[in-house]
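Undergrad: I would like the atomic coordinates for the input below:
(chains A, B, C and D)
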Protein chains: 2
Amino acid sequence: MRLAELSRRSGIPTATIKYYLREGLLPPGRRVTATQAEYDDAHLQRLRLVRALIQVGGVPVASAREVLTALEDDSLDHNSRLGTAVWALPHGPEPSGDEVFQERAGRTVDALLARLGWDSAREYAAESPAHRMLVTAVAALARLGYPCAVEDLAPYARAGHQLAVTDLDLIERYDSADEQLEAAVALTVLYEPVLLALRRIAQAQESHRRYGQRSTEE
Amino acid sequence: MRLAELSRRSGIPTATIKYYLREGLLPPGRRVTATQAEYDDAHLQRLRLVRALIQVGGVPVASAREVLTALEDDSLDHNSRLGTAVWALPHGPEPSGDEVFQERAGRTVDALLARLGWDSAREYAAESPAHRMLVTAVAALARLGYPCAVEDLAPYARAGHQLAVTDLDLIERYDSADEQLEAAVALTVLYEPVLLALRRIAQAQESHRRYGQRSTEE
DNA sequence: TCCTATTGGAGAGTGGCACTATCCAAACAT
DNA sequence: ATGTTTGGATAGTGCCACTCTCCAATAGGA
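TA: Numbers count the residues shown, from 1 in each chain, chains lettered A, B, ... in the order given. Take a look at the predicted model:
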């Protein structure tokens, strides 16, 4: 199909598709002549993934490029591709402000991982984007005066672990390596808003249950 | 204290504080003379909260204003303030693309809430930002061809409920209504990155456990 | 008292990001 | 033959979160 049809079928303006092509989010089509290119269903699916990552998942264009590039990097094996891809996902701002809180938060997180027995995480964790994100958030909570000791974080870690198990079960449903890779990225990113929305709805529900007719979000 | 000292103690440039004052994120100081104002510790705490919401929580300035305005709206009672505040939190983009998927996702979500017995949520849910966010995310997953039937979402809803219980327990630790209001907003927003980071770390850990030495994020 | 520095307020300017509009020449359709 | 369509390049737009510059009114020291 031509670019115009790709646009029609995806609902995305041609100008935007051209932009994605330029930015390397979408591999170039098969060149038919000097001025025309042919796209297929794989392009359409990729385009939908890109759009979902950017618009629903809130992933910046630059990060999306890194993620998608990693997924099809032939020089890496399955696990390395996945690792590189997830590594490139957005991980919040640089830790700003008081170093004291950062450092204390780092120790708290380390203690948490130790208590949970997540030792493989502790080994390389100091460099992981997710770890940095966690430390930054804990530091921000501490700076505001909110509790975020190990015992306060533990319930969230438990929930996180349950979620991870569910995620991996979902990913295991796919047979081919390529499908698993795309699924891992898509599910990691796109279940984030699902989870956050469900948490807010549950807060309203639970608040209603505890405090009566007027609920949290009524 | 003067604006300069507020800046020094918070680590935020005076220009930015002036901007927050202009945008109504920070109440004006007590005017001492025509050209000077006095700020107190409440301003400092509010400033830290604003900064955390915006930088760590990723809340847009306009949403933060709505949230904070609701918290101190004297014309509302406790629950209404909280409801208005949480309502104003960011809730993703407008649902774009195929209406068919949106509608189908809406039915799935409704079925999920019914199965969970979250009836108070169903009553007003159609208008809730969190509900809209959930439907949009489910629609995006469906459009990509990923499973998001009721039974697929249920584990995430269960996790969401556990989290909500933990959240409300945490909020109940505070005695005064004002503290509870601020805590509700701060904890709702700032535990989001905590949770997402823990999920990613847990994914790496669980992947390592299942598939051997090379973990998801190694 | 005079002089300099500082303060808070207002408006314009900046940089980053995700597009989006305009051009253009080659190719296609008729 | 000729008007339309295509894909690529370039420049421009709108939004957002600041950030800079200026200014008159002070505050504080000589």
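
Undergrad: Which strands and helices lie in contact with the worst-scoring helix or strand of chain A on mean pLDDT?
TA: Scoring the helices and strands of chain A by mean pLDDT, DSSP states H and E places helix A:119-125 at the bottom, with a mean of 72. On a contact count with 3 or more Cβ pairs under 8 Å, 6 or more residues apart in numbering or on different chains; DSSP states H and E, helix A:119-125 meets helix A:99-116, helix B:177-211. In this view, the C-beta of every residue, glycine as well, is placed from N, C-alpha and C.

Undergrad: swap the cut-off to 6 Å and go again
TA: The contact analysis (3 or more Cβ pairs under 6 Å, 6 or more residues apart in numbering or on different chains; DSSP states H and E) places helix A:119-125 against helix B:177-211.

Undergrad: and the helix it packs on, what's its mean pLDDT?
TA: Throughout helix B:177-211, pLDDT has a mean value of 94.

Undergrad: mind listing what's buried in that helix?
TA: Residues of helix B:177-211 classed as buried: B:180-208 (neighbour count, 16 or more other Cβ atoms under 10 Å in any protein chain shown).

Undergrad: residues touching the closest residue to A:Leu68 other than its chain neighbours, list them.
TA: Distances taken as Cβ to Cβ, 6 or more residues apart in numbering or on different chains put A:Leu25 closest to A:Leu68, at 6.2 Å, once the chain neighbours are dropped. Counting by Cβ atoms under 6 Å, 6 or more residues apart in numbering or on different chains, A:Leu25 touches A:50, A:64-65.

Undergrad: right, and A:Val189 touches A:Gln55 too?
TA: No: taking contacts as Cβ atoms under 6 Å, A:Val189 lies outside contact range of A:Gln55: 11.1 Å.

Undergrad: separation between the residue sitting nearest the centre point of chain A and chain B?
TA: Residue closest to the mean C-alpha point of chain A, counted by Cα atoms, centre = their mean, is A:Val189 at 3.4 Å. From A:Val189 over to chain B the distance is 10 Å, taken as Cβ to the nearest Cβ, to the nearest Å.

Undergrad: go on, A:Asp167?
TA: From A:Asp167 to chain B the distance is 6 Å (Cβ to the nearest Cβ).

Undergrad: Quick check: next helix or strand after the helix or strand harbouring A:Leu49?
TA: For A:Leu49, the host element (DSSP states H and E) is helix A:41-51. Following helix A:41-51 in sequence order, the next helix or strand is helix A:61-71 (DSSP H and E).

Undergrad: Okay, buried residues for that next one please.
TA: A:63-68, A:70-71.

Undergrad: separation between A:Val59 and A:Leu49?
TA: As for A:Val59, its distance to A:Leu49 is 11 Å (criterion: Cβ to Cβ, to the nearest Å).
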